[in-house]
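[1] okay, predicted coordinates and the sequence, questions at the end:
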Amino acid sequence: MLQTYAPIDFRNNDPYNTDFEDIYYNPALGFAESDHVFIAGNHLRERFSALPEYGRFTLAETGFGTGLNMINAAAHFLECAPKTAALNLISCEAYPIELETLKRIHHHWHHHELRIALYQNYPHRASGMHLIRLHPRVCLLLLWGDATRCYQACMARVNAWFLDGFAPSKNPQMWQPELFREIARLSQPNATLATFTVAAQVREQLTAVGFNVHKQTGFAQKRHMLSAVYERPLSVEKSWTDYPAPKFDTRPIAVIGAGIAGATTAYELAQRGKVVHVYHDPENPCASAVPVAVPFFLPGKTDTPMRQFHLAAWHDLCRELKCCPQGIVDRMPIALAVAEESLARRKESLADLFEPEQADIEAKKLYFYQAGALDTPRLLTYLLADKNITQYAQKIAQLTPQAEGWRIGEQIYARVVLATSWQEQLLPNALQKRMRTVRGQATFFALNAPVAGEIFCAERSFIPLPDRVHMHVGSSYSVNDCDRMRRTQDDAEHAEACRARFPQHAIQLERAFVGIRAASRDYLPLIGAVVRAESVYQRYQKWSKDRNIPINEEIDYYPQLYMHSGLGSKGTLTAFLGAKILAAMMLGDPLPIDRKLLTSIVPTRFLVKDIIRGHLNN
């Protein structure tokens, strides 16, 4: 779904929302107002200064608007906090401001580097969650949509709140009891809150959900404002989708596997300031080493968890590709065949999800415009070149549990991530059988003349290489097959398809690539903590008789053992978002995905399905 852009009128060069008939901030003293109401109202400078080394702080806001408060908070954090501390910002907005309008609003603001980072990754108006890195130590999770629905989807532990937005008299639909209940659900004990309004309904609703509310001196012409402290214990309803509390530890994190899942995971952890050791088996190259790959997905006609996850992953990937060095992305349209009878429905569905410059349908093809062909070896090299990452060419055949962590060779790690693709012998048996091998062979051809710069994906993908006279065709798809030998039959079928696609060209077969991927049995990745199967079977066994029996039991996990695997043919599409989700779980940061989707991606889902289907022996 696409959000409606805010209608902005400039009055004396200051933004005014014509729908709500209200200003966004004090025209002359916007940052001073933010300092008084939100920064001082939450005692943030003192709290930032008091953070421990490697501390993490989460700050949430109910109305992003122009971004003034978020940029201001980030600037104060970078000035006050320890150099190893990190800030997570969350902000929602039902009516985002168009980027060029936002730049006009910002033209006289300070904090240039923070603004440029925001502009570079500013999302289109697609609803949902969009994670932006404003600084190596500051992340902003933007939630486009209704405030209540956005925070209902959110999983975070918030230390301070900016209760902002147009006044309750102007925007009553935001200031509803449901929003205040979500604020309470997400708040840490002793979380603080500040707001410009002293409306009785706001005071009453904050008090009703557990905040101790006080009037304070307001800013400029406003006599009062509110500050509040959350005084109830942490509200946690146990669920099988829960994951272990993060463990503070400055030792390196081990990632086993250097394919697209392992590389993106290591990169994301490194970007969040963690030291990472990556182990890869030199005798078994990853399927991600294929010379070229294309991230694509076909938006289905129904809003399934898979479509939601793939759509979120696509938007996240497009932001990541903007930051990649030259040579990694060969930008060209990605075309997917669309059946004649589906054209109208596809076009209507597409209009609800994308701007025309992002995706469109032309000549019976669905086009995606923001990505292209990825040079995967270069991409992996780039991801693993981070200064916080060290690589080890070593096969890991065993993980040995120790009191203080996991032993790998002579090293002991507090936290380990398994990203080993189809070589899943390190996983518990209950999870090993949830994945299967998929053999794929791609063939490369030389053409006698250049072709258009367009990727075409149907039964096979046709990917022109940068010189446009060489073509990748593939790949084959053979389930439960881990044979790495090249097959002439696959080459012959690819050659026939290439001639049919380019009948006016002579082709010459040059080389082939064989990769073995791991795919989950439901075609969604396994992202999260590695569960002890017996705890799930014991505590949720009643669901074998009735799925509707309420069970809110905590389950057990192997200590600080995680996985990111089973990506299948969608690895380049989903790996970046999967890595962000996993890093957030491991470090206690806000999840960049709707929490309802956890039931579709955490490894535990397969064990729960076993119980419900009566397959406990499978």
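    Cool, the structure landed.

[2] CA only for contacts and neighbour counts going forward, please
    Noted.

[3] and for D467, the neighbour number?
    Counted with other Cα atoms under 10 Å, the neighbours of D467 add up to 10.

[4] now it, what are its backbone angles?
    Torsion angles at D467 (phi, psi; degrees, to the nearest 10) stand at phi -80, psi -10.

[5] repeat for the one 4 residues further on
    Backbone geometry at M471, expressed as degrees, to the nearest 10, gives phi -130, psi 130.

[6] which pLDDT value goes with it?
    If you check M471, the pLDDT there is 98.

[7] OK, contacts around it?
    F444, F445, A446, L447, F462, I463, P464, L465 (Cα atoms under 8 Å, 6 or more residues apart in numbering).

[8] for W422, helix, strand, or coil?
    Following DSSP: H, G, I helix; E, B strand; the rest coil, W422 is assigned to coil.

[9] figure out the helix or strand that the closest residue to it other than its chain neighbours lives in.
    Nearest residue to W422, sequence neighbours excluded (Cα to Cα, 6 or more residues apart in numbering): A518, at 4.6 Å. Following DSSP states H and E, one finds A518 within strand 507-520.

[10] pull the distance from the lowest-mean-pLDDT helix or strand in the chain to the chain's centre.
    Ranked by mean pLDDT, DSSP states H and E, the helix or strand of the chain with the weakest confidence is helix 343-353, at a mean of 83. What separates the centre of helix 343-353 from the centre of its chain is 24 Å, taken as Cα atoms, centre = their mean, to the nearest Å.

[11] packing partners of it?
    strand 359-362 (3 or more Cα pairs under 8 Å, 6 or more residues apart in numbering; DSSP states H and E).

[12] touching the strand it packs on from outside, list them.
    Contacts for strand 359-362 (Cα under 8 Å, 6+ apart): L343, R346, K347, L350, L366, Y367, F368, Y369.

[13] of the contacts of M471, select the buried ones using a ChimeraX command.
    The buried residues among the contacts of M471 can be selected in ChimeraX (16 or more other Cα atoms under 10 Å) with this line:
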select :444,445,446,447,462,463,464,465
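
[14] out of the contacts of M471, which comes closest to P7?
    Nearest to P7, judged by Cα to Cα, of those is I463 at 41.6 Å.

[15] can you show me the helices along the stretch 201-350 of the chain?
    If DSSP state H, counting those that start in this stretch is used as the criterion, the helices of the stretch 201-350 of the chain fall at 260-271, 305-322, 343-353.

[16] ok so, going back, the residue nearest to W422 against S421, yeah?
    Yes - using Cα atoms under 8 Å, A518 is in contact with S421, at 5.1 Å.

[17] pull up the overlap in contacts between the two.
    Contacts common to A518 and S421, judged by Cα under 8 Å, 6+ apart, are S565, G566.

[18] could you list the domains of this structure?
    Split into domains by automatic domain parsing, the chain comes to 8-230, 253-264+382-434+522-613, 288-378+440-517.

[19] against H111, how distant is E79?
    As judged by Cα to Cα, to the nearest Å, E79 and H111 stand 12 Å apart.

[20] which one of the contacts of strand 359-362 sits closest to D35?
    Among these, and counting by Cα to Cα, the member closest to D35 is Y369, at 41.1 Å.

[21] burial check on I23, number of neighbours?
    18.

[22] tell me the mean pLDDT over stretch 531-539?
    Mean predicted confidence for stretch 531-539 is 95.

[23] output that stretch as PDB, nothing but the C-alphas.
    Written as PDB, here are the backbone C-alpha positions of stretch 531-539 (Å, rounded to 0.1, in the frame of the first residue of the first chain):
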ATOM      1  CA  VAL A 531      15.500 -23.800  19.400                       C
ATOM      2  CA  ARG A 532      15.600 -26.900  21.600                       C
ATOM      3  CA  ALA A 533      13.000 -28.900  19.900                       C
ATOM      4  CA  GLU A 534      11.900 -30.900  23.000                       C
ATOM      5  CA  SER A 535      10.900 -27.700  24.800                       C
ATOM      6  CA  VAL A 536       8.500 -26.800  22.000                       C
ATOM      7  CA  TYR A 537       7.000 -30.300  21.700                       C
ATOM      8  CA  GLN A 538       6.500 -30.500  25.500                       C
ATOM      9  CA  ARG A 539       5.000 -27.000  26.100                       C
END
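
[24] contacting residues around it?
    240, 430, 553, 555-558, 603-604, 607-608, 611, 616.
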